[in-house]
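> return a 3D structure for these sequence lines:
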Amino acid sequence: MPASNTESLLSSALSKVKYRHPEQAKRDVLSSLHHYRGLIPKQDKFIFNDGIQRDLINIYGTTPRAVQGARTTTLPISLWLLDTHPYHAPICYVKPTADMQIKVSKHVDHSGKIYLPYLHEWSHPSSDL
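So this is what the prediction gives:
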């Protein structure tokens, strides 16, 4: 997707969502999209564990990951930016395709939610997407 289309798509999505720091969110998302070409932003509803729904920016798609030596594959992910971004970590999920399974570990639960020290220790301005 051309950069101008991505930026207009992101601006449109951000205009529909109430972020406390929309310009910072936009810069951070665009930077992530520059580094990971397989990601796409969209505005969508996130449902929290307590059932509350909120319109948020969702960055989804695939990122490269190393497997067995020098071989790489892609990993489908979904990152949800909270309205308090960049002061709180995104909520991150592995989103397996139909022919994939989630491998539960200390860093990924059965729903695909990702738990990493980096996310747990998130601190603005040293942390980024």
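> secondary structure element for the residue nearest in space to the middle of the chain?
Among the residues of the chain, Leu79 comes closest to the average C-alpha position under Cα atoms, centre = their mean, at 1.8 Å. Take DSSP states H and E as the rule and Leu79 turns out to sit in strand 71-81.
> re the thing from before, is the residue nearest to the centre of the chain bridged to anything, and to what?
For Leu79, the beta-bridge assignment (DSSP bridges) gives partners Ile59, Cys92.
> going forward, begin numbering at 45 instead of 1
Shifting the count to begin at 45 puts that one at Leu123.
> next up, the contacts around it.
Listed by Cβ atoms under 8 Å, 6 or more residues apart in numbering, the contact set of Leu123 reads Leu83, Asn102, Ile103, Tyr104, Pro134, Ile135, Cys136, Tyr137, Leu173. Using the backbone N, CA and C atoms, a C-beta is placed for each residue, glycine as well.
> cool, and Ile103?
Applying Cβ under 8 Å, 6+ apart as the definition, the contact partners of Ile103 turn out to be Val73, Ser76, Leu77, Leu83, Ile84, Pro85, Ser122, Leu123, Leu125, Pro134, Leu173.
> can you report how many residues lie near the last one?
Other residues near Leu173 number 20, with proximity taken as other Cβ atoms under 10 Å.
> pLDDT score for the most far-flung residue of the chain relative to its centre?
Of all residues in the chain, Gly113 has its C-alpha farthest from the mean position, at 26.3 Å, by Cα atoms, centre = their mean. According to the model's per-residue confidence, Gly113 sits at a pLDDT of 74.
> Lys147 versus that one, what's the distance?
As for Gly113, its distance to Lys147 is 19 Å (criterion: Cβ to Cβ, to the nearest Å).
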